[in-house]
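> Provided below for reference: sequence and predicted model.
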Amino acid sequence: MNADLAADYRKALKLWEAEVNAAGGLLGRPVELRLLDERPRRRRASRSSTRRLIVEERAQLLIGPYGSAATRAARERRSASGA
């Protein structure tokens, strides 16, 4: 993925987080955005990170990764978790 696009994606997500929290959060709860950089090991890293976010950290909302390999891996892990 183009580094400029990745930077723009991160900026957009951080802006979304700030705007949502300024408006009172989602369902009255603040949003805490966690951005993970998985470039070196895309597919395996995305599965592992998605599992950790769902199972261990009990994330209430996932925003999919940017890029097809990472997106496929995250979708597979999310489906397998029943989330």
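Yep, that arrived. Numbers count the residues shown, from 1 in each chain.
> and for the longest helix belonging to the chain, what's in contact with it?
When the chain is scanned for its longest helix (criterion: DSSP state H), the result is helix 3-22. Contacts of helix 3-22 with the rest of the structure, by Cβ atoms under 8 Å, 6 or more residues apart in numbering, involve 26, 30, 31, 32, 33, 35, 63, 66. Just so you know, the C-beta spots here come from the backbone N, C-alpha and C atoms, and that holds for glycine as well.
> rerun at 6 Å
Defining contact as Cβ atoms under 6 Å, 6 or more residues apart in numbering, one finds that helix 3-22 is touched by 30, 31, 33, 35, 66.
> that helix: which residues count as buried?
9, 17 (16 or more other Cβ atoms under 10 Å).
> for that helix, list the C-alpha coordinates in CSV.
Extracted as CSV, the C-alpha positions of helix 3-22 are listed here (Å, rounded to 0.1, in the frame of the first residue of the first chain):
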residue,chain,number,x,y,z
ALA,A,3,2.6,5.1,2.4
ASP,A,4,0.7,8.3,1.7
LEU,A,5,-2.6,6.5,1.5
ALA,A,6,-1.9,4.7,4.8
ALA,A,7,-1.0,8.0,6.5
ASP,A,8,-4.2,9.6,5.1
TYR,A,9,-6.3,6.6,6.4
ARG,A,10,-4.8,6.9,9.9
LYS,A,11,-5.5,10.7,9.9
ALA,A,12,-9.1,10.2,8.8
LEU,A,13,-9.6,7.6,11.5
LYS,A,14,-8.1,9.8,14.2
LEU,A,15,-10.3,12.7,13.0
TRP,A,16,-13.4,10.4,13.2
GLU,A,17,-12.4,9.4,16.8
ALA,A,18,-12.0,13.0,17.9
GLU,A,19,-15.4,14.0,16.3
VAL,A,20,-17.2,11.1,17.8
ASN,A,21,-15.8,11.7,21.2
ALA,A,22,-16.5,15.4,21.0
